[in-house]
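In: Give me the fold of what follows.
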Amino acid sequence: MNQSLFFLFHGYGANADDLRPLSQFFPETEVISLDAPLELAGLPGAPPFGRAWFPIDLVELQSLFMQQKYQEISAWGPQGLSLIHI
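Out: Modelled structure (predicted):
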């Protein structure tokens, strides 16, 4: 039997449990929902729940948004992760 494997990666502030119900839509596929390594509780500017794959400075991003520095926001990325520009 040829079985498919589907990995689900949640968004900022969520966790693996948020995506697990999606597995019902893929009955013949092995669905793996992963938890990000960073726990957000207690981090400055972060929601008091959930997880993240990398830190996001929400205070900095909000400041850039309030200053209408949209070019800087679009160029923002986590340290060490190269951005792909299309």
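
In: Please, where are all the helices along this protein?
Out: Taking DSSP state H as the criterion, the chain carries its helices at 16-19, 58-66, 70-75.

In: now, of those, which is deepest in the fold?
Out: helix 16-19 (a mean of 14; mean count of other Cβ atoms under 10 Å). Using the backbone N, CA and C atoms, a C-beta is placed for each residue, glycine as well.

In: Just the endpoints, please. Distance across stretch 24-33?
Out: 13 Å (Cα to Cα, to the nearest Å).

In: now swap in stretch 25-42 and tell me
Out: 35 Å.

In: Over to stretch 64-75?
Out: 11 Å.

In: what does stretch 7-26 contact?
Out: Stretch 7-26 is contacted by residues 4, 6, 29, 31-36, 40, 46-47, 49-53, 56 when judged by Cβ atoms under 8 Å, 6 or more residues apart in numbering.

In: List only those of these flagged as buried.
Out: Buried by 16 or more other Cβ atoms under 10 Å: 31, 33, 36, 40, 46, 50-53, 56, out of those.

In: Quick one: mean pLDDT for stretch 38-58?
Out: Throughout stretch 38-58, pLDDT has a mean value of 78.

In: Numbering from 7 from now on, please.
Out: Yes, from this point I'll number from 7; that puts the last item at stretch 44-64.

In: measure that stretch end to end?
Out: 15 Å.

In: same question, stretch 23-33
Out: Start-to-end, stretch 23-33 (Cα to Cα) is 18 Å.

In: so how far is it from its chain's centroid?
Out: How far stretch 23-33 lies from its chain's middle: 17 Å, per Cα atoms, centre = their mean, to the nearest Å.

In: just stretch 19-32 next, same as before
Out: 13 Å.

In: quick one: buried residues of it?
Out: 19-21, 25.

In: Same list (those residues) but as CSV, adding pLDDT and distance to residue 78.
Out: Output for these, formatted as CSV (pLDDT from 0 to 100; distance: Cβ to Cβ, whole Å):
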residue, pLDDT, distance to residue 78
19, 87, 22
20, 89, 26
21, 89, 29
25, 91, 31
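
In: Understood, closing this out.
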